[in-house]
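**Q** Quick check, what structure comes out for this input:
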Amino acid sequence: MTKLEEEMHHNGVNLSTRRSFGTKLKSGLKETFFPDDPFRQIMEEEKPSRRLIKGIQYFVPIFEWLPNYNLRLFFSDLIAGLTIASLAIPQGISYAKLANLPPLVGLYSSFVPPLVYAVFGSSRHMAVGTIAAASLLIGDTISTVADHEKEPALYLHLIFTTTFVTGVFQACLGFFRLGILVDFFSHSTITGFMGGTAVILILQQLKGILGLKHFSTKTNVVSVIEAIFTNRHEIRWETTLLGIIFLIFLQFTRQLRLKKPKLFWVSAVAPMTTVVVGGLFTYLVKGQNHGIQIVGHLDKGLNPWSIQYLNFDSRYLPAVLRAGLITGVLSLAEGIAIGRSFSVTDNTPHDGNKEMIAFGLMNLFGSFTSCYLTSGPFSKTAVNYNAGCKSAMTNVVQAVLMALTLQFLAPLFGNTPLVALSAIIVSAMLGLINFDEAIYLFKVDKFDFVICMSAFFGVAFISMDMGLMISVGLGLIRGLLYLARPASCKLGKLADSGIYRDVEHYSNASTVPGILVLQIGSPVYFSNSTYLKERILRYVKSEEIASGNIVEYVILDFTGVNSIDTTGIEGLLETNKVLERKEIQMSLVNPRLEVMEKLILSMFVEKIGKEKFYLNLEDAVMASQFSSRTSKTNNNEETV
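**A** Just a heads-up that it's a prediction; the model follows:
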């Protein structure tokens, strides 16, 4: 190595291993499971008593905000709690109907779970309640092993068991900090899934709006349309007219809220108004004599214990596990995404792992107290936010009001017409079909659009779980394609800046004849090592054809390579051997710590030479130019 080259290498390139296996393992686990460094604020405290207090506040968030709570905040939360409670009653009854459950179970689910969330939840805006998609999915799955009409007790017990499984699963994800699993549900998947679910929910509610007594037990579009056509003789004009009136009213209030956001409370109380008016109308005109079906008798009383009804019989367990895991991940993905979006908007705390634990505990306790799966529905959370909520106390207010309703007012909702509940669901679902988002995905990323549409059509025409799995599968395939075909580009220098950028992006970036600078933008693994070798050789060939100059140096920018495996290292060695046979020298620029350690331990550094490593691209290019000039001078002297 010449003196100049030695000086160039005396610039901070670290070619020695420092970290032990334990240090690397600790660092890897921390980045995988604790990227947010959650215990930092606890360890910063010097006194053990303060550490204990901070620890309790971290694991039980209510102790963090409750000491600073005051009457002014409570007044805001009281208004918001009253608002979401008025929405919780009709939604609870309606969504329980989707899951083929007694209406009381839907009301029970808005009492205990919100109390649990208020203690353990981290979001200030989340409003807890049942969700339409999970209600339909859980009912559809459990119906494969138990008929809700022929075996109502068994069906109900399996629903409680499914809720228990969901709670354990969600709590474990949060406790072991495995929120990364929820990240596999991309935004495009959720958009398509919610849209497809909205379509089948709307079609399912045609049974109630048309007043049909017989209907399909399947949820796909074709089966529902066939059922409507087959049972068209059962259609009652009285019920249909009432349903259309309710739907027009609900949609009017929704449009009013969109045009005048300050009138959000109008759309918030509209479902409750529909239930009350519908119940009074049905009672006064004796609607049952005109074919208007009602909810039926509702008993007074708070949630009874259901822990003794949990059923883990092997005959039903596969369906219970499937329903519990799928709805668990789905409700987490929706709930965490909603909570995160509102926390960003209002710049308030939000911890995904705490949310998973809170969701898990509220479903766990819910399964013991006659509740079924709950999460953070978007509609109720949006109403809570717009109503001016300040803390999770709104869920306590909701729970207290629901307890009073169950204890004293439940029988009054017995005359609620089913057509009113169907209209409420249809109106809510129309807002979940996001055409603008689908158009946006099509414009920006066609593959994301395909993922979205696969979820939409899969849910609508096959089944909810299959549509979800198809979309997630396509997302995983896309991720694997990115890994197997990593991004790479040819770099050139921007004039008077010393910065190297993609020559296709910056047409004014200049290159040096005989020197090819390439950037590798992803980890180098067994799945892409062969491709990278072939891609580098193809770059060399293309450069020689395009410029007419022979490539003498290939410089690889490893700044974006955050990991490498043994197959990747062998691929680099093979690439270097092929280039050497072509009399081309290969250099590496700025390998990251983890990559550098493996290159040293595998003897890669010794095999290609320490002089082939550079701190930055400018040094590498200058050294290559100097080496090229030196080589040409020596050749000329030998010729002379």
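**Q** where does the spatially closest residue to residue 234 that is not a sequence neighbour fall, phi/psi-wise?
**A** Taking C-beta to C-beta, 6 or more residues apart in numbering, and ignoring the residues beside it in sequence, residue 234 has residue 212 as its nearest neighbour in space, at 4.8 Å. Using the backbone N, CA and C atoms, a C-beta is placed for each residue, glycine as well. With angles defined as degrees, to the nearest 10, residue 212 sits at phi -70, psi 150.
**Q** ranges for the helices of the stretch 301-450 of the chain?
**A** Counting by DSSP state H, counting those that start in this stretch, residue ranges of the helices within the stretch 301-450 of the chain are 317-346, 352-368, 378-386, 393-404, 418-430, 435-444, 446-461.
**Q** Need those in TSV (columns: mean pLDDT, distance to residue 621 and mean neighbour count).
**A** Below are the helices of the stretch 301-450 of the chain laid out as TSV (pLDDT from 0 to 100; distance: least, C-beta to C-beta, whole Å; neighbours: other C-beta atoms under 10 Å):
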stretch	mean pLDDT	distance to residue 621	mean neighbour count
helix 317-346	83	42	21
helix 352-368	91	44	25
helix 378-386	78	53	23
helix 393-404	93	61	22
helix 418-430	83	60	26
helix 435-444	90	36	13
helix 446-461	90	36	22
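**Q** Now those in a markdown table, please, with extra columns for distance to residue 88.
**A** Below are the helices of the stretch 301-450 of the chain laid out as a markdown table (distance: least, C-beta to C-beta, whole Å):
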| stretch | distance to residue 88 |
| --- | --- |
| helix 317-346 | 16 |
| helix 352-368 | 14 |
| helix 378-386 | 7 |
| helix 393-404 | 6 |
| helix 418-430 | 12 |
| helix 435-444 | 27 |
| helix 446-461 | 26 |
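**Q** And the ones you listed: which comes nearest residue 241?
**A** Across these, the minimum distance to residue 241, taken as C-beta to C-beta, is reached by helix 418-430, at 9.4 Å.
**Q** tell me the contacts of residue 43?
**A** For residue 43, the contact set (C-beta atoms under 8 Å, 6 or more residues apart in numbering) comprises residue 51.
**Q** Which parts of the stretch 51-200 of the chain are helices?
**A** If DSSP H, counting those that start in this stretch is used as the criterion, the helices of the stretch 51-200 of the chain fall at 62-65, 71-98, 103-108, 112-120, 132-142, 152-175, 187-204.
**Q** still on that earlier bit, confirm for me that the residue nearest to residue 234 is in contact with residue 233.
**A** No. When contacts are counted by C-beta atoms under 8 Å, residue 212 is not listed as touching residue 233 (9.6 Å).
**Q** Name the residue in these two with the higher neighbour count.
**A** Applying other C-beta atoms under 10 Å to residue 212 and residue 233 shows that residue 212 carries more neighbours, namely 20 against 6.
**Q** Provide a list of residues in contact with that one.
**A** By C-beta under 8 Å, 6+ apart, the residues touching residue 212 are 206, 227-228, 231, 234-235.
**Q** For residue 511, state which of the residues you listed is nearest.
**A** Out of the contacts of residue 212, the one with the shortest distance to residue 511 is residue 206. That distance is 65.0 Å, counting by C-beta to C-beta.
**Q** what are the phi and psi angles of the closest one?
**A** Summarising the backbone geometry of residue 206 under the convention degrees, to the nearest 10, its torsions are phi -60, psi -20.
**Q** Tell me how many other residues crowd it.
**A** Applying the criterion other C-beta under 10 Å, we find 20 residues in the vicinity of residue 206.
**Q** what about it, distance to residue 582?
**A** When C-beta to C-beta, to the nearest Å is applied, the distance between residue 206 and residue 582 equals 70 Å.
**Q** Repeat that for residue 396.
**A** Taking C-beta to C-beta as the measure, residue 396 falls 73 Å from residue 582.
**Q** Ok, residue 191 next?
**A** The spacing between residue 191 and residue 582, counted by C-beta to C-beta, is 49 Å.
**Q** neighbour count winner among these two?
**A** A side-by-side neighbour count of residue 191 and residue 582, using other C-beta under 10 Å, places residue 191 first with 25 against 14.
**Q** correct me, but the more buried one touches residue 441?
**A** Yes. Using C-beta under 8 Å as the test, residue 191 is close enough to residue 441 to be in contact (7.4 Å).
**Q** Next, show the common contact partners of the two.
**A** Counting by C-beta under 8 Å, 6+ apart, the residues touching both residue 191 and residue 441 are residue 452.
**Q** So for residue 503, what's the pLDDT?
**A** Confidence per residue is given as pLDDT, and for residue 503 that number is 90.
**Q** Quick one: the strands in the stretch 401-550 of the chain, in order.
**A** Counting by DSSP state E, counting those that start in this stretch, the stretch 401-550 of the chain has strands at residues 488-493, 500-502, 515-520.
**Q** Name the stretch among those that sits most buried.
**A** Neighbour counts (mean count of other C-beta atoms under 10 Å) averaged over each of those peak at strand 515-520, with a mean of 22.
**Q** pLDDT weak spots in this protein?
**A** 1-18, 21, 24-25, 27-39, 179-183, 217, 341, 344-345, 628-640 (pLDDT under 70).
**Q** which outside residues touch stretch 305-317?
**A** Here stretch 305-317 makes contact (C-beta under 8 Å, 6+ apart) with 145-146, 154, 156-158, 160-161, 164, 320, 367-370.
**Q** I'd like to know which of those residues are buried.
**A** In terms of neighbour count (16 or more other C-beta atoms under 10 Å), the buried residues within these are 145-146, 154, 156-158, 160-161, 164, 320, 367-370.
**Q** For the residue nearest to the spatial centre of the chain, which non-adjacent residue is closest in space?
**A** The chain has residue 333 as the residue nearest its centroid, 3.9 Å off, counting by C-alpha atoms, centre = their mean. For residue 333, the nearest residue in space outside its immediate sequence neighbours is residue 185; the separation is 4.0 Å by C-beta to C-beta, 6+ apart.
**Q** ok, now residue 200?
**A** Skipping the residues right next to it in sequence, residue 200 comes nearest to residue 219 by C-beta to C-beta, 6+ apart, at 4.9 Å.
**Q** quick one, phi/psi of that neighbour?
**A** Its backbone dihedrals place residue 219 at phi -110, psi -10, with angles given as degrees, to the nearest 10.
**Q** Make sure it is actually in contact with residue 465.
**A** No. When contacts are counted by C-beta under 8 Å, residue 219 is not listed as touching residue 465 (10.4 Å).
**Q** Between the two, which is the more surrounded one?
**A** In this comparison of residue 219 against residue 465, neighbours counted by other C-beta under 10 Å, the higher total goes to residue 219 at 23 against 19.
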